[in-house]
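Novice: take a look and give me a structure for this.
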Amino acid sequence: MDRRTYVKTGAGVLAGGLLAGCTGGGSGGQESTTEADGDSGSDSTQTDAATTESVVPSNVVIGSDIPYRPFEYETTSGELTGFDVDIAAAVFEDQLGVDYEFKATSFDSIIPSLNNNNFRIIMSAMTINDERAEQVDFSDPYFTAYQTVIVRDDGEITSKADLQGHPVGVQKGTTGATAAEELQTEFDGDLDIKSYDQISGAFQALINGQVDAIINDNTVNAEFANDRDDVVFLEGDGAAAESDQEAPPYLTLTVENYGIAFRQDDDEFRERVNEALAAIREDGTYDEIYSEYFSG
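Specialist: Residues are numbered from 1 along each chain as shown. Now for the predicted structure:
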(Lines give C-alpha, C1' and ligand atoms only; values in the text may rest on other atoms or scores of the structure.)
Protein backbone atom coordinates (compact mmCIF):
# COMPACT_ATOMS: atom_id res chain seq x y z
CA MET A 1 0.00 0.00 0.00
CA ASP A 2 1.32 3.45 -0.84
CA ARG A 3 2.12 5.34 2.35
CA ARG A 4 -0.06 8.19 1.20
CA THR A 5 -3.23 6.31 0.37
CA TYR A 6 -6.05 8.81 0.12
CA VAL A 7 -9.71 7.84 0.55
CA LYS A 8 -11.49 10.63 -1.29
CA THR A 9 -15.05 9.91 -0.20
CA GLY A 10 -15.89 12.16 2.73
CA ALA A 11 -19.08 10.47 3.88
CA GLY A 12 -20.39 6.99 4.52
CA VAL A 13 -19.39 4.18 6.83
CA LEU A 14 -16.21 2.14 6.58
CA ALA A 15 -16.69 -1.54 5.94
CA GLY A 16 -15.91 -4.51 8.12
CA GLY A 17 -14.16 -4.49 11.46
CA LEU A 18 -13.51 -0.73 11.58
CA LEU A 19 -17.07 -0.21 12.78
CA ALA A 20 -16.06 -2.00 15.93
CA GLY A 21 -12.78 -0.15 16.18
CA CYS A 22 -10.82 -2.93 14.45
CA THR A 23 -9.39 -3.32 10.97
CA GLY A 24 -8.15 -6.71 9.84
CA GLY A 25 -4.71 -8.17 10.37
CA GLY A 26 -3.35 -10.36 13.13
CA SER A 27 -3.76 -9.25 16.71
CA GLY A 28 -0.51 -10.59 18.08
CA GLY A 29 -2.40 -11.60 21.21
CA GLN A 30 -1.85 -14.95 22.92
CA GLU A 31 -4.80 -17.32 22.65
CA SER A 32 -6.21 -18.97 25.75
CA THR A 33 -6.66 -22.75 25.64
CA THR A 34 -8.11 -23.19 29.12
CA GLU A 35 -11.58 -24.77 29.27
CA ALA A 36 -14.07 -24.22 32.08
CA ASP A 37 -17.37 -25.99 32.74
CA GLY A 38 -17.16 -27.66 29.34
CA ASP A 39 -16.78 -24.32 27.50
CA SER A 40 -14.06 -24.26 24.85
CA GLY A 41 -13.05 -20.69 25.76
CA SER A 42 -13.37 -19.52 22.14
CA ASP A 43 -15.35 -16.42 23.14
CA SER A 44 -12.55 -15.36 25.46
CA THR A 45 -9.98 -15.93 22.73
CA GLN A 46 -11.89 -13.79 20.25
CA THR A 47 -12.32 -11.03 22.83
CA ASP A 48 -8.60 -11.02 23.65
CA ALA A 49 -7.69 -10.84 19.96
CA ALA A 50 -10.17 -8.05 19.23
CA THR A 51 -8.97 -6.05 22.23
CA THR A 52 -5.33 -6.30 21.18
CA GLU A 53 -6.17 -5.35 17.58
CA SER A 54 -8.22 -2.36 18.74
CA VAL A 55 -5.17 -0.86 20.51
CA VAL A 56 -3.18 -0.43 17.28
CA PRO A 57 -5.22 -1.34 14.20
CA SER A 58 -3.42 -2.80 11.21
CA ASN A 59 -4.72 0.11 9.08
CA VAL A 60 -5.36 3.51 10.62
CA VAL A 61 -8.06 5.50 8.81
CA ILE A 62 -7.56 9.23 9.37
CA GLY A 63 -10.27 11.86 8.99
CA SER A 64 -8.94 15.10 7.52
CA ASP A 65 -10.19 18.27 5.85
CA ILE A 66 -8.49 18.29 2.44
CA PRO A 67 -7.17 20.53 0.98
CA TYR A 68 -5.55 22.51 3.79
CA ARG A 69 -2.12 23.37 2.47
CA PRO A 70 0.58 22.87 3.76
CA PHE A 71 -0.82 20.30 6.20
CA GLU A 72 -2.71 18.05 3.80
CA TYR A 73 -3.18 18.62 0.07
CA GLU A 74 -2.84 16.93 -3.30
CA THR A 75 0.04 17.58 -5.67
CA THR A 76 -0.60 18.21 -9.36
CA SER A 77 -0.01 14.49 -9.93
CA GLY A 78 -2.70 13.57 -7.42
CA GLU A 79 -0.42 12.46 -4.58
CA LEU A 80 -1.53 13.38 -1.07
CA THR A 81 1.20 15.20 0.80
CA GLY A 82 1.72 17.77 3.55
CA PHE A 83 3.06 18.14 7.08
CA ASP A 84 0.31 16.06 8.71
CA VAL A 85 0.67 13.38 6.03
CA ASP A 86 4.40 13.04 6.65
CA ILE A 87 3.91 13.02 10.43
CA ALA A 88 1.34 10.25 9.95
CA ALA A 89 3.86 8.24 7.92
CA ALA A 90 6.51 8.66 10.62
CA VAL A 91 4.15 7.76 13.46
CA PHE A 92 2.08 4.94 12.01
CA GLU A 93 4.27 3.38 9.34
CA ASP A 94 7.75 3.91 10.75
CA GLN A 95 7.12 3.78 14.51
CA LEU A 96 4.05 1.56 14.87
CA GLY A 97 4.55 -0.55 11.75
CA VAL A 98 0.99 -0.23 10.41
CA ASP A 99 -0.66 1.17 7.30
CA TYR A 100 -2.67 4.37 7.22
CA GLU A 101 -4.99 6.20 4.86
CA PHE A 102 -6.62 9.62 4.82
CA LYS A 103 -10.37 10.10 4.41
CA ALA A 104 -11.51 13.56 3.25
CA THR A 105 -14.12 15.02 5.60
CA SER A 106 -15.63 18.48 6.02
CA PHE A 107 -14.04 20.15 9.02
CA ASP A 108 -17.28 21.40 10.55
CA SER A 109 -18.57 17.79 10.80
CA ILE A 110 -15.29 16.01 11.45
CA ILE A 111 -15.74 15.38 15.20
CA PRO A 112 -19.24 13.88 14.83
CA SER A 113 -17.86 11.74 11.99
CA LEU A 114 -15.09 10.46 14.27
CA ASN A 115 -17.57 9.63 17.02
CA ASN A 116 -19.78 7.85 14.46
CA ASN A 117 -16.86 5.48 13.74
CA ASN A 118 -16.30 6.76 10.19
CA PHE A 119 -12.55 6.73 10.88
CA ARG A 120 -10.21 6.01 13.78
CA ILE A 121 -8.58 9.41 14.40
CA ILE A 122 -8.48 13.01 13.18
CA MET A 123 -5.30 14.58 11.83
CA SER A 124 -6.33 17.88 10.33
CA ALA A 125 -4.34 20.75 11.85
CA MET A 126 -6.86 20.61 14.71
CA THR A 127 -6.40 23.00 17.62
CA ILE A 128 -6.73 21.56 21.10
CA ASN A 129 -9.37 23.49 23.03
CA ASP A 130 -11.82 22.93 25.88
CA GLU A 131 -14.92 22.73 23.69
CA ARG A 132 -13.47 19.99 21.50
CA ALA A 133 -11.98 18.19 24.52
CA GLU A 134 -15.53 17.62 25.76
CA GLN A 135 -16.15 15.47 22.67
CA VAL A 136 -12.76 13.87 21.91
CA ASP A 137 -9.43 13.16 23.57
CA PHE A 138 -6.26 14.69 22.16
CA SER A 139 -2.73 13.44 21.76
CA ASP A 140 0.15 15.43 23.12
CA PRO A 141 0.54 18.67 21.12
CA TYR A 142 2.60 18.32 17.95
CA PHE A 143 2.46 21.83 16.45
CA THR A 144 2.06 25.44 17.63
CA ALA A 145 0.05 27.85 15.49
CA TYR A 146 -1.47 31.33 15.62
CA GLN A 147 -4.68 32.79 14.31
CA THR A 148 -3.68 35.59 11.95
CA VAL A 149 -5.19 38.05 9.50
CA ILE A 150 -4.32 38.50 5.83
CA VAL A 151 -5.60 41.39 3.70
CA ARG A 152 -5.19 42.75 0.18
CA ASP A 153 -2.09 44.88 -0.07
CA ASP A 154 -3.96 47.71 -1.82
CA GLY A 155 -6.81 47.78 0.73
CA GLU A 156 -7.57 50.26 3.49
CA ILE A 157 -7.04 47.84 6.41
CA THR A 158 -3.69 48.39 8.10
CA SER A 159 -4.48 47.56 11.73
CA LYS A 160 -6.80 45.35 13.77
CA ALA A 161 -9.04 48.31 14.53
CA ASP A 162 -9.53 48.88 10.80
CA LEU A 163 -11.32 45.51 10.53
CA GLN A 164 -14.37 46.91 12.28
CA GLY A 165 -17.36 47.08 9.96
CA HIS A 166 -15.71 45.02 7.21
CA PRO A 167 -16.51 41.54 5.84
CA VAL A 168 -14.06 38.91 7.06
CA GLY A 169 -13.73 35.38 5.66
CA VAL A 170 -13.29 32.25 7.78
CA GLN A 171 -13.61 28.49 7.37
CA LYS A 172 -16.59 26.89 9.11
CA GLY A 173 -15.93 25.07 12.35
CA THR A 174 -12.39 26.36 12.80
CA THR A 175 -10.71 28.32 15.57
CA GLY A 176 -10.32 31.05 12.97
CA ALA A 177 -14.11 31.34 12.98
CA THR A 178 -14.05 31.46 16.79
CA ALA A 179 -11.38 34.19 16.74
CA ALA A 180 -13.54 36.19 14.31
CA GLU A 181 -16.54 35.83 16.62
CA GLU A 182 -14.47 37.08 19.55
CA LEU A 183 -13.34 40.04 17.45
CA GLN A 184 -16.97 40.67 16.50
CA THR A 185 -17.83 40.85 20.20
CA GLU A 186 -14.92 43.23 20.77
CA PHE A 187 -16.37 45.44 18.02
CA ASP A 188 -19.86 45.34 19.60
CA GLY A 189 -21.13 43.22 16.73
CA ASP A 190 -19.74 45.43 13.98
CA LEU A 191 -17.91 42.75 12.00
CA ASP A 192 -19.41 40.89 9.05
CA ILE A 193 -18.27 37.26 9.22
CA LYS A 194 -18.48 35.25 5.99
CA SER A 195 -18.12 31.48 6.49
CA TYR A 196 -16.86 29.04 3.84
CA ASP A 197 -16.80 25.24 3.71
CA GLN A 198 -13.11 25.23 2.83
CA ILE A 199 -10.41 27.83 3.31
CA SER A 200 -9.79 27.92 -0.43
CA GLY A 201 -13.26 29.47 -0.84
CA ALA A 202 -12.37 32.20 1.64
CA PHE A 203 -9.09 32.89 -0.16
CA GLN A 204 -10.90 33.23 -3.47
CA ALA A 205 -13.41 35.59 -1.87
CA LEU A 206 -10.54 37.81 -0.69
CA ILE A 207 -9.12 38.01 -4.20
CA ASN A 208 -12.55 38.70 -5.67
CA GLY A 209 -13.23 41.53 -3.21
CA GLN A 210 -16.10 39.71 -1.48
CA VAL A 211 -14.28 39.92 1.85
CA ASP A 212 -11.61 42.35 3.00
CA ALA A 213 -9.65 39.99 5.25
CA ILE A 214 -9.17 36.33 6.18
CA ILE A 215 -8.72 35.04 9.73
CA ASN A 216 -6.95 31.69 9.72
CA ASP A 217 -3.91 29.71 10.86
CA ASN A 218 -0.62 31.48 10.25
CA THR A 219 1.06 28.72 8.24
CA VAL A 220 -1.91 28.25 5.92
CA ASN A 221 -2.30 32.01 5.46
CA ALA A 222 1.44 32.20 4.74
CA GLU A 223 1.25 29.43 2.15
CA PHE A 224 -1.36 31.47 0.29
CA ALA A 225 0.15 34.94 0.79
CA ASN A 226 3.68 33.91 -0.15
CA ASP A 227 2.50 32.90 -3.62
CA ARG A 228 0.95 36.30 -4.30
CA ASP A 229 2.13 39.91 -4.53
CA ASP A 230 -1.26 41.38 -3.62
CA VAL A 231 -1.86 39.74 -0.20
CA VAL A 232 -0.05 40.56 3.06
CA PHE A 233 -0.27 39.78 6.76
CA LEU A 234 -1.89 42.37 9.00
CA GLU A 235 0.81 43.67 11.34
CA GLY A 236 0.64 44.50 15.02
CA ASP A 237 1.26 43.07 18.47
CA GLY A 238 -1.02 40.35 19.72
CA ALA A 239 -1.50 37.15 21.69
CA ALA A 240 1.97 35.72 21.08
CA ALA A 241 3.74 38.79 22.44
CA GLU A 242 1.29 39.01 25.35
CA SER A 243 2.05 35.41 26.35
CA ASP A 244 5.80 36.10 26.32
CA GLN A 245 6.37 33.83 23.33
CA GLU A 246 8.72 34.67 20.52
CA ALA A 247 6.18 36.54 18.43
CA PRO A 248 6.12 36.34 14.63
CA PRO A 249 6.31 39.66 12.73
CA TYR A 250 2.54 40.02 12.30
CA LEU A 251 -0.65 40.29 14.33
CA THR A 252 -1.52 37.13 16.27
CA LEU A 253 -5.06 36.81 17.61
CA THR A 254 -4.43 33.51 19.44
CA VAL A 255 -1.71 31.03 20.35
CA GLU A 256 -2.82 27.42 19.73
CA ASN A 257 -1.52 23.86 19.80
CA TYR A 258 -2.53 21.13 17.33
CA GLY A 259 -3.28 17.59 18.43
CA ILE A 260 -4.45 14.28 16.99
CA ALA A 261 -8.06 13.63 18.04
CA PHE A 262 -9.27 10.25 19.31
CA ARG A 263 -12.60 8.91 20.47
CA GLN A 264 -12.83 9.06 24.25
CA ASP A 265 -12.74 5.26 24.62
CA ASP A 266 -9.43 4.89 22.76
CA ASP A 267 -6.93 5.57 25.56
CA GLU A 268 -4.49 2.73 24.84
CA PHE A 269 -4.12 3.66 21.18
CA ARG A 270 -3.67 7.31 22.12
CA GLU A 271 -0.89 6.36 24.53
CA ARG A 272 0.90 4.40 21.81
CA VAL A 273 0.62 7.36 19.42
CA ASN A 274 1.99 9.70 22.09
CA GLU A 275 4.96 7.36 22.51
CA ALA A 276 5.53 7.43 18.75
CA LEU A 277 5.30 11.24 18.63
CA ALA A 278 7.91 11.45 21.40
CA ALA A 279 10.14 9.03 19.50
CA ILE A 280 10.14 11.04 16.25
CA ARG A 281 10.96 14.19 18.20
CA GLU A 282 13.85 12.45 19.93
CA ASP A 283 15.37 10.89 16.80
CA GLY A 284 15.18 14.08 14.72
CA THR A 285 12.49 12.92 12.29
CA TYR A 286 10.07 15.61 13.43
CA ASP A 287 12.60 18.39 12.80
CA GLU A 288 13.35 17.03 9.32
CA ILE A 289 9.65 17.03 8.41
CA TYR A 290 9.13 20.48 9.92
CA SER A 291 12.01 21.99 7.97
CA GLU A 292 10.56 20.59 4.73
CA TYR A 293 7.35 22.62 5.10
CA PHE A 294 8.23 25.60 7.30
CA SER A 295 11.12 28.00 7.53
CA GLY A 296 12.76 28.91 10.78
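Novice: list the buried ones in the lengthiest helix in the chain?
Specialist: Of all the segments of type helix in the chain, defined by DSSP state H, the longest one is helix 267-282. Buried residues in helix 267-282, defined by neighbour count with 16 or more other CB atoms under 10 Å: Phe269, Arg270, Arg272, Val273, Asn274, Ala276, Leu277, Ala279, Ile280. C-beta here means a position set from N, CA and C on the backbone, and glycine is covered the same way.
Novice: wait, which of those residues is closest to Ala145?
Specialist: The shortest separation between Ala145 and any of those is 16.5 Å, and it belongs to Leu277 (by CB to CB).
Novice: I figured the closest one hits Phe143, correct?
Specialist: No: with contact defined as CB atoms under 8 Å, Leu277 does not count as touching Phe143 (10.6 Å).
Novice: which intervals of this protein have sub-threshold pLDDT?
Specialist: 1-54, 296 (pLDDT under 70).
Novice: if we can go back for a sec, now the buried residues of helix 267-282 as JSON lines including distance to Gly236?
Specialist: Compiled in JSON lines, the buried residues of helix 267-282 are given as follows (distance: CB to CB, whole Å):
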{"residue": "Phe269", "distance to Gly236": "42"}
{"residue": "Arg270", "distance to Gly236": "38"}
{"residue": "Arg272", "distance to Gly236": "42"}
{"residue": "Val273", "distance to Gly236": "37"}
{"residue": "Asn274", "distance to Gly236": "36"}
{"residue": "Ala276", "distance to Gly236": "38"}
{"residue": "Leu277", "distance to Gly236": "33"}
{"residue": "Ala279", "distance to Gly236": "39"}
{"residue": "Ile280", "distance to Gly236": "35"}
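Novice: count of residues packed around Asp227?
Specialist: Residue neighbour count, defined by other CB atoms under 10 Å, stands at 9 for Asp227.
Novice: please report phi then psi for it.
Specialist: For Asp227, the backbone dihedrals (degrees, to the nearest 10) come out as phi -90, psi 0.
Novice: likewise Leu253?
Specialist: Backbone phi and psi, for Leu253 under degrees, to the nearest 10, turn out to be phi -90, psi -30.
Novice: how much space separates it from Asp267?
Specialist: Taking CB to CB, to the nearest Å as the measure, Leu253 and Asp267 are separated by 33 Å.
Novice: again, but for Ile110
Specialist: For Ile110, the distance to Asp267 under the criterion CB to CB works out to 20 Å.
Novice: list just the nearest of the buried residues of helix 267-282 to Asp65.
Specialist: If you rank these by distance to Asp65 using CB to CB, Val273 comes first, at 19.6 Å.
Novice: how about that closest one, nearest residue that isn't a chain neighbour?
Specialist: Setting aside the residues directly before and after it, Val273 is nearest to Ser139 in space (CB to CB, 6 or more residues apart in numbering), at 5.4 Å.
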